[in-house]
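Student: predicted model and sequence below, questions to follow.
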Amino acid sequence: MRRRCPRSDQWIYQFDRALRTLAPPTARTKSPVPVSSGDKTLTAFEAHHVAGMMRVNHSGEVCLQGLYQGQRLFTQRPDASAQMQQSATNDLGHLALFSQRLRQLDSRTSLLAPCFYIASLSIGATTGLLSERLGLGLLAASETQAARRFSDQQSRLPEADQTSRTLLRKVAVEKNHHAQLALEAGGVNLPAPVQWLMRGAFKAVSKTTYHG
Ligand SMILES: [Fe+2]
């Protein structure tokens, strides 16, 4: 069994993760978003629409980072903690990809990202404190919700934007995998009313961030 890190090391780790989530992602991803050869020039309206969706997705990744890090503060099982760390690290790559896509579209991430991170960190810590299985269930439901959003967005992208379509398809697959891992680690399936509440909360985030 792995030895748990001292509490002080965990706080340093959490601080590092917060910085990585909220700081500009200049060198965070090894492979930048590859621009598809099938792309055509987007109109100003189309570029604005795609940037809105990418900004919503970036905010969603910030929320996921907060949930993972909050949950990990109180996770007792080293294997579950390691699994969450692996998924969260993978998601940092997603976050960087959405940020890069926004820059390719000459746009930016939401100014409210730090608020989303703090709110999600609090929710993750609270559920982690209440029950590890509940926290893992919340992570699984959040990942599944993100994967569904990416699938939905693929149908709303302009035909000319193959780059964003490829990006969404790739990230959706990984989100579903993370959801599966969280359930396998012991996460419970959340009751429908809780999932409705989560969808409502993320709709509010989406409406706030789509326009900037
Ligand atoms: Fe994920």
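Tutor: Here it is on my side, so go on. A quick note: this is a predicted structure, and the numbers were derived from the prediction, not measured. Numbers count the residues shown, from 1 in each chain.
Student: run through who's touching stretch 38-55.
Tutor: Around stretch 38-55, the neighbours that count as contacts under Cβ atoms under 8 Å, 6 or more residues apart in numbering are 98, 101-102, 105-110, 153, 156-164, 209-212. Using the backbone N, CA and C atoms, a C-beta is placed for each residue, glycine as well.
Student: switch the cut-off to 10 Å
Tutor: Identification of contacts with stretch 38-55 by Cβ atoms under 10 Å, 6 or more residues apart in numbering yields 33, 97-110, 113, 149-150, 152-154, 156-168, 206, 208-212.
Student: give me every residue that touches the nearest residue to residue 141 once chain neighbours are set aside.
Tutor: Among residues not flanking residue 141 along the chain, residue 190 sits closest, at 5.0 Å (Cβ to Cβ, 6 or more residues apart in numbering). In this structure, residue 190 makes contact with 134, 137, 138, 140, 141, 142, 144, 196, 197, 198, judged by Cβ under 10 Å, 6+ apart.
Student: so how far is residue 71 from the third one?
Tutor: For residue 138, the distance to residue 71 equals 8 Å [Cβ to Cβ, to the nearest Å].
Student: overlap in contacts of these two?
Tutor: Counting by Cβ under 10 Å, 6+ apart, the residues touching both residue 138 and residue 71 are 123, 124, 126, 127, 128, 182.
Student: farthest-separated two in these?
Tutor: For those, with distances taken as Cβ to Cβ, the pair at the greatest spread is 126 and 182 (17.1 Å).
Student: next, the residue nearest to residue 141: phi, psi?
Tutor: According to degrees, to the nearest 10, the main-chain angles of residue 190 amount to phi -70, psi 140.
Student: about what we covered before: more neighbours: which of residue 126 and residue 182?
Tutor: Legend: neighbour count by other Cβ atoms under 10 Å for residue 126 and residue 182, higher for residue 182 (26 against 15).
Student: show me what the helix or strand containing the more buried one is packed against.
Tutor: According to DSSP states H and E, residue 182 maps onto helix 162-184. For helix 162-184, the helices and strands in contact under the criterion 3 or more Cβ pairs under 10 Å, 6 or more residues apart in numbering; DSSP states H and E are helix 44-72, helix 78-104, helix 132-156.
Student: who's in contact with the residue nearest the centre of the chain?
Tutor: The chain has residue 61 as the residue nearest its centroid, 2.1 Å off, counting by Cα atoms, centre = their mean. Neighbouring residues of residue 61 by Cβ under 10 Å, 6+ apart: 21, 91-99, 109, 113, 116, 146, 171, 175.
Student: so what pLDDT did it get?
Tutor: The score at residue 61 is 96. That number is its pLDDT.
Student: please apply the same query to residue 28.
Tutor: Looking at residue 28, its pLDDT reads 55.
Student: I'd like the numbering to begin with 886 instead of 1 from here.
Tutor: Done: numbering now begins at 886, and the last item shifts to residue 913.
Student: all set now, cheers.
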